[in-house]
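K.L.:
Let me see the structure of the following:
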Amino acid sequence: MELRARARTVRAAFIWVLGLALIAVCLIAGPALSQNEAPASEEVKLAPELINPGIPMEELAQRVIPLTKGELDPLARAWLSIVRSKTEEIAQRQVELLNDPSAAKDAAFQQLAGLVEERAGLFERFSAIVDSLESKDGDPAVVSELRAYRDSVLFNETMLASPRAIAIAFLTWLTRGDGGLAIAKDIGVAILAFLALLFVSRAAQGLARRWIGRVPNISRLLEAFLVGAVFWLVIVVGLLFVLAALGVNVTPLFAMIGGASFILAFAFQDTLGNLASGLMIMINRPFDEGDYVLVGGVGGTVQSVSIVATTVTTPDNQVIVIPNKNVWGNVITNVTASATRRVDLVFGISYEDAIPDALRVMEETVKAHPLVLKDPEPIIRVHELGASSVNFVCRPWTKTSDYWTVYWDLTHRMKEAFGEAGISIPYPQQDVHIRTSTD
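P.N.:
Model prediction:
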């Protein structure tokens with residue numbers, strides 16, 4: 001009995017202590033919980049200047065930068081109320097004109113156009129806040145709802161507006177400083193900037209040409225490529241600066257170029273191969289502009305080398321464009337690379353003529369030609385005993401530019417000199433021996 005009484009006493013004491021602990025916890029945690037819940041019930045206070053319809057767009061853009069997502073959400077809804085109020089005013093004015101056709105004068109439509117212009121400025125500020133909310137990870141559903149309201153209002157007003165009201169609104173927009181005049185100003189600035197950019201790029205091209213021209217041992221092909229690269233580089237960089245000055249965001253352009261370059265690298269493999277070959281041609285200089293080359297089965301004078309193709313002109317004035325990959329990947333023969341060339345001629349005399357006389361006539365004829373060089377000395381030798389003639393090789397040297405002149409002149413003069421010396425140039429002939437048998 002005594003043990004049971006003690007157990008009851010301990011149990012009662014435990015329950016009493018537990019009750020006191022719960023009361024203490026409630027007294028201590030209650031104020032803290034109320035303090036933590038207070039901000040949830042408080043509304044975000046908006047600065048008066050942020051909801052001022054007359055706030056300049058530039059100032060508003062700066063003021064919304066430090067705002068958080070929680071602050072931008074009520075701000076966007078506040079601006080929704082502002083544009084909704086102005087839209088109600090425009091709708092009420094439209095209803096008044098419908099109910100009273102006699103009031104539909106130009107002045108009334110101009111007044112209505114003025115309200116639409118005011119609302120356009122409000123929509124611009126409203127859109128800027130919505131864009132800022134979206135960029136700071138705002139609720140996509142809220143952003144979509146706000147934009148849907150703006151798009152719906154503009155679409156429905158345009159569909160229900162009369163042609164007269166649209167025409168007056170358009171004319172009014174054309175004369176606005178932030179409307180048609182602003183666009184005309186931007187177009188004018190773009191045209192002037194482009195003309196100035198052309199002038200600057202031409203000047204940079206001229207400076208580059210003079211500077212590169214001072215570099216020794218540089219080919220005209222590489223010089224033309226570098227000068228052209230400077231011109232287009234100035235154009236591209238200048239255009240980016242002009243677009244940035246006009247307020248165009250050029251960052252997506254760089255992202256698009258970076259993404260597309262990987263795909264284009266596969267799509268234009270042959271073009272990139274031609275580009276690499278063109279750079280190798282310009283750097284290694286196997287030929288230059290004005291050189292006569294034999295490459296890829298084509299012979300002609302090099303006119304130009306672009307980043308993808310080489311253009312040559314044949315002696316009969318045909319223009320042939322050869323991909324650089326085919327040029328660099330084949331054997332290149334530069335006919336005019338050297339200052340002098342050897343002219344290879346072959347002359348034949350009859351077996352009945354004297355070889356010393358023929359040698360003397362050929363030496364005199366070759367030395368008498370003014371375009372034949374004395375150094376190196378011409379080589380004239382008996383080359384072979386042919387089927388119908390004794391053939392001589394005649395190999396004088398001349399300037400590369402005089403090659404064909406010497407070739408044709410010596411062929412002409414040698415025929416006349418052989419004739420005057422009584423040396424014959426035999427036709428191909430064959431002796432036929434007929435043998436008869438007698439029984």
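K.L.:
Please make it C-alpha for all contacts and neighbour counts, starting now.
P.N.:
Noted.
K.L.:
where do the helices sit along this protein?
P.N.:
For the chain, the helices identified by DSSP state H occupy 2-41, 57-63, 69-99, 106-135, 140-160, 163-174, 180-213, 220-245, 251-267, 269-284, 324-328, 355-368, 403-420, in order along the chain.
K.L.:
Of the ones you listed, which shows the lowest average pLDDT?
P.N.:
In terms of average pLDDT, helix 2-41 trails the rest of the helices of the chain, at a mean of 43.
K.L.:
For residue 402, see how far away the residue nearest to residue 300 when sequence neighbours are not counted is.
P.N.:
Take residue 300 and drop its neighbours on the chain: the residue closest to it by C-alpha to C-alpha, 6 or more residues apart in numbering is residue 314, 4.1 Å away. When distance is defined by C-alpha to C-alpha, to the nearest Å, residue 314 is 18 Å away from residue 402.
K.L.:
residues in contact with residue 273?
P.N.:
For residue 273, the residues meeting the contact criterion (C-alpha atoms under 8 Å, 6 or more residues apart in numbering) are residue 325.
K.L.:
Repeat the analysis, applying 10 Å as the threshold.
P.N.:
With contact set as C-alpha atoms under 10 Å, 6 or more residues apart in numbering, residue 273 has these partners: 307, 308, 323, 324, 325, 326.
K.L.:
who wins for neighbours among those?
P.N.:
Neighbour counts for the contacts of residue 273 were taken using other C-alpha atoms under 10 Å; the highest belongs to residue 324, which has 26 neighbours.
K.L.:
Check whether it really touches residue 304, as I assumed.
P.N.:
No: with contact defined as C-alpha atoms under 10 Å, residue 324 does not count as touching residue 304 (11.4 Å).
K.L.:
Next, show the common contact partners of those two.
P.N.:
Residues touching both residue 324 and residue 304 (C-alpha under 10 Å, 6+ apart): 310, 311.
K.L.:
where's residue 319 relative to residue 310, distance?
P.N.:
Counting by C-alpha to C-alpha, the separation of residue 319 from residue 310 is 10 Å.
K.L.:
So which of these two has more stuff around it?
P.N.:
For residue 319 versus residue 310, the count of surrounding residues by other C-alpha under 10 Å is larger for residue 310: 21 against 15.
K.L.:
got the contact list for that one?
P.N.:
Residue 310 neighbours (C-alpha under 10 Å, 6+ apart): 274, 278, 281, 302-304, 320-327.
K.L.:
Is there a neighbour count for residue 383? I'd like the number.
P.N.:
14.
K.L.:
got it, and the one 5 residues further on?
P.N.:
Applying the criterion other C-alpha under 10 Å, we find 17 residues in the vicinity of residue 388.
K.L.:
Counting neighbours, what do you get for the closest residue to residue 421 other than its chain neighbours?
P.N.:
Spatial nearest neighbour of residue 421, excluding adjacent residues (C-alpha to C-alpha, 6+ apart): residue 361 at 7.6 Å. For residue 361, the number of neighbouring residues by other C-alpha under 10 Å comes to 16.
K.L.:
still on that earlier bit, where do the contact lists of residue 319 and residue 310 overlap?
P.N.:
Common neighbours of residue 319 and residue 310 (criterion: C-alpha under 10 Å, 6+ apart): 302, 303.
K.L.:
so how far is residue 299 from the residue lying closest to residue 323 once chain neighbours are set aside?
P.N.:
For residue 323, ignoring the flanking residues on the chain, the nearest one in space by C-alpha to C-alpha, 6+ apart is residue 309 at 4.3 Å. Taken as C-alpha to C-alpha, the spacing of residue 309 relative to residue 299 amounts to 15 Å.
K.L.:
Look at the two and report which has more neighbours.
P.N.:
Relative neighbour count places residue 309 above the other of residue 309 and residue 299, with 21 against 18, counting by other C-alpha under 10 Å.
K.L.:
Just confirm that one contacts residue 321, I think it does.
P.N.:
Yes: judged on C-alpha under 10 Å, residue 309 makes contact with residue 321 at a distance of 6.3 Å.
K.L.:
thinking again about what came up before, show me the contacts for the residue nearest to residue 323.
P.N.:
Residue 309 makes contact with 271, 274-275, 277-278, 320-327 under the criterion C-alpha under 10 Å, 6+ apart.
K.L.:
and if you look at residue 388?
P.N.:
Shown here is residue 388, whose contacts under the criterion C-alpha under 10 Å, 6+ apart are 348, 349, 350, 351, 425, 426, 427, 428, 429, 430, 431.
K.L.:
Could you count how many residues lie near the residue lying closest to the third one once chain neighbours are set aside?
P.N.:
Right, residue 350. Among residues not flanking residue 350 along the chain, residue 389 sits closest, at 5.0 Å (C-alpha to C-alpha, 6+ apart). Residue 389 is surrounded by 21 other residues when neighbours are defined as other C-alpha under 10 Å.
K.L.:
Can you tell me how far the residue positioned nearest the centre of the chain is from residue 437?
P.N.:
Among the residues of the chain, the one closest to the centroid is residue 236, at 7.9 Å (C-alpha atoms, centre = their mean). Taking C-alpha to C-alpha as the criterion, residue 236 is separated from residue 437 by 95 Å.
K.L.:
so the residue nearest to residue 300 touches residue 295, yeah?
P.N.:
No: using C-alpha under 10 Å, residue 314 is not in contact with residue 295; the gap is 12.0 Å.
K.L.:
Those two - which one has more neighbours?
P.N.:
For residue 314 against residue 295, the residue with the higher neighbour count under other C-alpha under 10 Å is residue 295, and the figures read 18 against 15.
K.L.:
what's across from the more buried one in the sheet?
P.N.:
Residue 295 has these beta-bridge partners by DSSP bridges: residue 298.
K.L.:
That one is in contact with residue 330, isn't it?
P.N.:
Yes: between residue 295 and residue 330 there is a contact under C-alpha under 10 Å: 6.6 Å.
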